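J.: heads up, no residue letters with this:
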């Protein structure tokens, strides 16, 4: 687990800065601005990713009957967290958050509010340890019923050498039919030069290193699943609008048959 240090930029705190949150320190804000100089679209990507999360969680809870959510790489609490959106649509929803950053653990109390009918829980664990996450999540979630696994800008922190696609397969394998995978991921083949500069700037300043992937690489995470909505598309196009295609991110939702 990373050590809490306010002088070393944290991925969770830099992201919190980009989405307009207040849970960040001077080092995070300085790094965030320096990275934005190399890749100005990052603030909009962060904000659109939050909209994507809210839209998908609401759709799954309100329209698809999903009552269980496993949100990995939670990040710092902001407005409209997964449990807020899910329980607003379906008060009996059960949500488990997981993150490996101790700064998120320090704020986890804000994530543990719940309706009387539902439940929320928090696990401090790394996505690279899917069996640990699944074992602890079973204390709150019923794996005989569908679960939506949420990985919003998480898997690009797992390098190819650590077999990220296998990590996602291990997460989804024990879950029953009707479960969902919800993902957003940095794109290496949209405005590629800017993405490469942004990734270099990020990796020079933040301890957690990112590996952007092309569309085929992101699509591989959904192998064996049925894609819903428009499939794996640029983040800006999720709503069906042409949007700003220069935003270097993909997103998608897949359903386990």
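T.: Received it, and whenever you're ready, just let me know what you need. From a predicted model like this one, the values you see are computed outputs, not experimental measurements.
J.: which one is residue 171 nearest to, not counting chain neighbours?
T.: residue 130 (4.6 Å; Cβ to Cβ, 6 or more residues apart in numbering). For glycine as for every other residue, the C-beta is placed from the backbone atoms N, C-alpha and C.
J.: Would you confirm that the one you found contacts residue 167?
T.: Yes - assessed by Cβ atoms under 8 Å, residue 130 is found in contact with residue 167 at 5.7 Å.
J.: in the stretch 1-150 of the chain, which spans are helices?
T.: Per DSSP state H, counting those that start in this stretch, the stretch 1-150 of the chain carries helices over the ranges 11-18, 26-38, 42-62, 82-89, 102-106, 130-137.
J.: That should have said the stretch 151-257 of the chain, apologies.
T.: Under DSSP H, counting those that start in this stretch, the stretch 151-257 of the chain gives helices at 164-172, 192-205, 215-219.
J.: With distance to residue 248 and mean neighbour count as new columns, can the ones you listed be given to me in a markdown table?
T.: Formatted as a markdown table, the helices of the stretch 151-257 of the chain follow (distance: least, Cβ to Cβ, whole Å; neighbours: other Cβ atoms under 10 Å):
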| stretch | distance to residue 248 | mean neighbour count |
| --- | --- | --- |
| helix 164-172 | 18 | 19 |
| helix 192-205 | 4 | 17 |
| helix 215-219 | 11 | 18 |
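J.: need the contact list for the most centrally placed residue in the chain.
T.: Nearest to the geometric centre of the chain sits residue 152, at 1.8 Å (Cα atoms, centre = their mean). Contact analysis of residue 152 by Cβ atoms under 8 Å, 6 or more residues apart in numbering lists 49, 52-53, 71, 73, 75, 182-184.
J.: What is the nearest of those to residue 28?
T.: residue 75 (12.6 Å; Cβ to Cβ).
J.: Once you drop chain neighbours, what's closest to the closest one?
T.: residue 12 (5.0 Å).
J.: Can you report how many residues neighbour that neighbour?
T.: When neighbours are defined as other Cβ atoms under 10 Å, residue 12 has 26 of them.
J.: shouldn't it be in contact with residue 78?
T.: No - the pair residue 12 / residue 78 is not scored as a contact, 10.9 Å apart, by Cβ under 8 Å.
J.: Please, where are all the strands along the stretch 151-257 of the chain?
T.: Under the criterion DSSP state E, counting those that start in this stretch, the stretch 151-257 of the chain contains strands at 180-186, 226-234, 249-255.
J.: mean pLDDT lowest for which of these?
T.: Lowest mean pLDDT of the strands of the stretch 151-257 of the chain: strand 226-234, a mean of 94.
J.: and the angle for that strand with helix 42-62?
T.: Orientation of strand 226-234 against helix 42-62 (axes from the mean of the first three to the mean of the last three Cα atoms, to 10 degrees) gives an angle of 160 degrees.
J.: right, and residue 134 touches residue 172 too?
T.: No - counting by Cβ under 8 Å, residue 134 stays clear of residue 172, with 10.0 Å between them.
J.: Leaving out the residues flanking it, which one is nearest to residue 136?
T.: Spatial nearest neighbour of residue 136, excluding adjacent residues (Cβ to Cβ, 6+ apart): residue 123 at 4.7 Å.
J.: try residue 214
T.: Using Cβ to Cβ, 6+ apart, the nearest residue to residue 214 is residue 189, at 4.1 Å.
J.: any idea how far the one you found is from residue 141?
T.: Using Cβ to Cβ, to the nearest Å, residue 189 is found at 35 Å from residue 141.
J.: neighbour count winner among the two?
T.: residue 141 (21 against 15).
J.: for the more buried one, what are its contacts?
T.: Contacts of residue 141 (Cβ under 8 Å, 6+ apart): 68, 70, 94, 96, 147.
J.: how many neighbours does residue 251 have?
T.: Residues near residue 251, counting by other Cβ under 10 Å: 27.
J.: quick revisit: ok, which of the helices of the stretch 151-257 of the chain comes nearest residue 64?
T.: Nearest to residue 64, of the helices of the stretch 151-257 of the chain and by Cβ to Cβ, is helix 164-172 at 16.5 Å.
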